[in-house]
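Undergrad: need the 3D shape of this:
(chains A and B)
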There are 2 protein chains.
Amino acid sequence: MRTPQVEADSTLPAEITIYEVGARDGLQNEKSIVPAEVKAEFIRRMAAAGLATIETTSFVNPQWVPQLADASEVLGLLGDEGLGPKRPVLVPNERGLDRALEAGVGAVAIFGSATETFARKNLNRTVDESIEMFRPVVERAQESGLWVRGYVSMCFGDPWEGPVPVQQVVDVSERLMELGCDQLSLGDTIGVATSGHVAQLLDALGDRGIGVDRIGVHFHDTYGQALSNTLVALRRGVTVVDSSAGGLGGCPYAESATGNLATEDLVWAMEGAGVRTGVDLEALLTTSAWMAQQLGRPSPSAVVRALTPAFSTD
Amino acid sequence: MRTPQVEADSTLPAEITIYEVGARDGLQNEKSIVPAEVKAEFIRRMAAAGLATIETTSFVNPQWVPQLADASEVLGLLGDEGLGPKRPVLVPNERGLDRALEAGVGAVAIFGSATETFARKNLNRTVDESIEMFRPVVERAQESGLWVRGYVSMCFGDPWEGPVPVQQVVDVSERLMELGCDQLSLGDTIGVATSGHVAQLLDALGDRGIGVDRIGVHFHDTYGQALSNTLVALRRGVTVVDSSAGGLGGCPYAESATGNLATEDLVWAMEGAGVRTGVDLEALLTTSAWMAQQLGRPSPSAVVRALTPAFSTD
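TA: Next comes the predicted model:
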């Protein structure tokens, strides 16, 4: 059955924008390597289900992320459907931006870190060096008229450094905004955030002039907290939420099968609370069930498992 | 790693009472039948992990729930540890109460339904008839000095009737309170509640004089909403939360493996938010991992899966 919508939840916004990360953040962290044709079909189906903003792929070095080595091929298969301001691609550096520009994309995302250890492990640089690496990427992207998103990863905890001080996240966020990013995505890369921490970070960013209209939130469900944390952010006025169709994507730094907040679980919560998402849940469920079949593993999304029993773990 | 506790979440109570239902609601809905010795050991371990209130079993007709046919045996094994006001047992009717009194328990729970269809299917009675069946149970329990809890099941949706009107739930709740129940537990038996609906029901109960100090909430995670819904209730002043160690228990009326809110996922959220639960998470994780081994299936709790990798599904 569907969730009974009794009355809109007045503590939430009337409408949210889902920033769908399943094709990039999701597939990047899945063990299987999915053929380019399947990826293109996945993106087409998600768009048809009403997901307006879809991060399509990453122009990262294929040696580092073999799962996304076919970025150009996927965009080639998608044609115009894979381009425009609502089809961002991740670009780690200027080399990635060159490839993205060559493909004709309309939006890019850079991937920063709030912690020194993760900056070293993921970018092989200090935080300072990574900001300098991003500077020409953002400048050139802007010159080309692209929309630019700045991810801040490890915003709450880091597997090597433990809890991450809020002020450290604010500092990195501020520097990414100063480079010229249009939007920040605050990432709980390892899923350790809880409600008070989320509120505290948003408040601290607001105090430094980074308002909720420039912020997206990106929670992982490693410890079952993703949806609760998202609702905390929505109650503070955030309206952009990252999620992954079917909950695709593990967390590479936690010993757990759970990954991103599942788009279906988010849409279910929003439908019940009377918040518009533009998503057709039935169509998205069919898409995620199909993708689970491609990956050969059941979806970690509770809604997908409850409503498409063929893919349940039982 | 553990969740970083940065700052208490001032929107939540300072302390909550976890009403642990794993041994009853959890095991009742598991496919496996667990030996009485294992159940007693499970309850002892949960108590040692700091769970103060534990529903131990149900004196239901063994023909209906063979999983709990050993209620007297489990209480016999537990001795004084299984008795007192913080060790309720479920009693469906006077026959169940007789057995509970014989066992010497200090608290009982009755299991009402907000919908006619579920009352018929679960109790073989109309809602009116079930209230009359409960009347002597509550009266006699009170005469014997027992604490009495009244469950209201299907408070948000019902698999046969669909959405359940809030006023209908309020009516049944009021009648159970009039019988003399000390506490109500509002059950989302099939997991379809969302945030606005939870708030609306609590407000409607408050309007009829049933305050949050008499209310516990009981959410199932079938659609991934259990923790979010719990936090909505806590923000409205509820301080009693039902949960199940390891997330034990399927939902018999949904095609999904997910059951009750997992106690570990709740405790994790509370630790991060600076809310006292009295639970030692490490000890509880060890207990749930051990219980998962007994049941031969991985725990559905995200926290258990993340922190006890031997029982993950991968």
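Undergrad: contact partners for residue A:265?
TA: In this structure, residue A:265 makes contact with A:226, A:227, A:243, A:247, A:301, A:302, A:303, B:223, B:224, B:225, judged by Cβ atoms under 8 Å, 6 or more residues apart in numbering or on different chains. No exception for glycine: its C-beta is placed from N, CA and C like everyone else's.
Undergrad: surely the second one meets residue B:226?
TA: Translated: residue A:227. No. Contact between residue A:227 and residue B:226 fails when scored by Cβ atoms under 8 Å: they sit 9.5 Å apart.
Undergrad: the more surrounded of the two?
TA: Applying other Cβ atoms under 10 Å in any protein chain shown to residue A:227 and residue B:226 shows that residue B:226 carries more neighbours, namely 33 against 28.
Undergrad: show me what contacts that one?
TA: Residue B:226 touches B:188, B:191, B:219, B:220, B:260, B:261, B:265, counting by Cβ under 8 Å, 6+ apart.
Undergrad: burial measure for the residue nearest to residue A:138 when sequence neighbours are not counted, as a count.
TA: Leaving aside its chain neighbours, residue A:138 sits nearest to residue A:179 (4.4 Å; criterion: Cβ to Cβ, 6 or more residues apart in numbering or on different chains). The burial count assigned to residue A:179 is 21, neighbours taken as other Cβ under 10 Å.
Undergrad: quick check: the gap between residue A:179 and residue A:143.
TA: With distances taken as Cβ to Cβ, to the nearest Å, residue A:179 is found 13 Å from residue A:143.
Undergrad: next, residue A:160: secondary structure please.
TA: Classification of residue A:160 using DSSP: H, G, I helix; E, B strand; the rest coil returns coil.
Undergrad: would you confirm that it contacts residue A:117?
TA: Yes. Counting by Cβ under 8 Å, residue A:160 touches residue A:117, with 4.2 Å between them.
Undergrad: and residue A:152, what are its phi and psi?
TA: phi -120, psi 110 (degrees, to the nearest 10).
Undergrad: so it makes contact with residue A:181?
TA: No. Using Cβ under 8 Å, residue A:152 is not in contact with residue A:181; the gap is 9.8 Å.
Undergrad: contact partners for the residue lying closest to residue A:52 once chain neighbours are set aside?
TA: Using Cβ to Cβ, 6+ apart and skipping the chain neighbours, the partner closest in space to residue A:52 is residue A:86 (5.7 Å). Residue A:86 is in contact with A:52, A:53, A:54, A:106, A:107, counting by Cβ under 8 Å, 6+ apart.
Undergrad: rerun that using 10 Å as the cut-off
TA: Contact partners of residue A:86, counting by Cβ atoms under 10 Å, 6 or more residues apart in numbering or on different chains, are A:17, A:19, A:20, A:47, A:51, A:52, A:53, A:54, A:55, A:106, A:107, A:147.
Undergrad: quick check: closest non-adjacent residue to the fourth one.
TA: Computed as Cβ to Cβ, 6+ apart, the closest residue to residue A:47 that is not its neighbour in sequence is residue A:54, at 6.2 Å.
Undergrad: who touches the nearest residue to residue A:122 once chain neighbours are set aside in this structure?
TA: Leaving aside its sequence neighbours, residue A:122 sits nearest to residue A:113 (Cβ to Cβ, 6+ apart; 6.1 Å). Residue A:113 is in contact with A:119-123, A:125-127, A:130, A:151-155, A:158, A:164, A:172, A:187, A:189, counting by Cβ under 10 Å, 6+ apart.
Undergrad: on that earlier part again, and of the contacts of residue A:86, the nearest to chain B?
TA: residue A:20 (17.2 Å; Cβ to the nearest Cβ).
Undergrad: show me what that closest one bridges to in the sheet.
TA: With DSSP bridges as the criterion, residue A:20 is bridged to residue A:54, residue A:243.
Undergrad: right, and it touches residue A:27 too?
TA: No. With contact defined as Cβ atoms under 10 Å, residue A:20 does not reach residue A:27; the gap is 11.8 Å.
Undergrad: what do these two both touch?
TA: residue A:244.
Undergrad: those two - which one has more neighbours?
TA: Neighbour count, other Cβ under 10 Å: between residue A:20 and residue A:27, residue A:20 has more, with 29 against 26.
Undergrad: pretty sure residue A:291 is touching residue A:262, no?
TA: No. Taking Cβ under 10 Å as the definition, residue A:291 is not a contact partner of residue A:262, at 11.8 Å.
Undergrad: more neighbours: the two, which one.
TA: residue A:262 (32 against 27).
Undergrad: so which residues of chain A form strands?
TA: A:17-20, A:53-54, A:57-58, A:89-90, A:107-113, A:147-153, A:157-158, A:162-163, A:183-188, A:215-219, A:240-243 (DSSP state E).
Undergrad: grab the nearest non-local neighbour of residue A:62.
TA: residue A:69 (3.4 Å).
Undergrad: can I get stretch A:13-33 as PDB, trimmed to CA atoms?
TA: What follows is stretch A:13-33 as a C-alpha-only set of coordinates in PDB (Å, rounded to 0.1, in the frame of the first residue of the first chain):
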ATOM      1  CA  PRO A  13       9.100  22.900   2.800                       C
ATOM      2  CA  ALA A  14       6.200  22.600   0.300                       C
ATOM      3  CA  GLU A  15       8.600  21.300  -2.300                       C
ATOM      4  CA  ILE A  16      12.100  19.800  -2.500                       C
ATOM      5  CA  THR A  17      14.600  19.200  -5.300                       C
ATOM      6  CA  ILE A  18      16.100  15.700  -5.300                       C
ATOM      7  CA  TYR A  19      19.600  15.700  -6.600                       C
ATOM      8  CA  GLU A  20      19.900  12.100  -7.800                       C
ATOM      9  CA  VAL A  21      23.300  10.500  -7.300                       C
ATOM     10  CA  GLY A  22      22.700   6.900  -8.000                       C
ATOM     11  CA  ALA A  23      24.300   6.800 -11.400                       C
ATOM     12  CA  ARG A  24      27.500   8.400 -10.100                       C
ATOM     13  CA  ASP A  25      28.000   8.100  -6.300                       C
ATOM     14  CA  GLY A  26      25.900   4.900  -6.300                       C
ATOM     15  CA  LEU A  27      27.500   3.000  -9.100                       C
ATOM     16  CA  GLN A  28      30.900   4.300  -8.200                       C
ATOM     17  CA  ASN A  29      30.700   2.400  -4.900                       C
ATOM     18  CA  GLU A  30      29.000  -0.800  -6.100                       C
ATOM     19  CA  LYS A  31      31.300  -3.800  -6.600                       C
ATOM     20  CA  SER A  32      29.900  -4.600 -10.000                       C
ATOM     21  CA  ILE A  33      30.900  -2.800 -13.100                       C
END
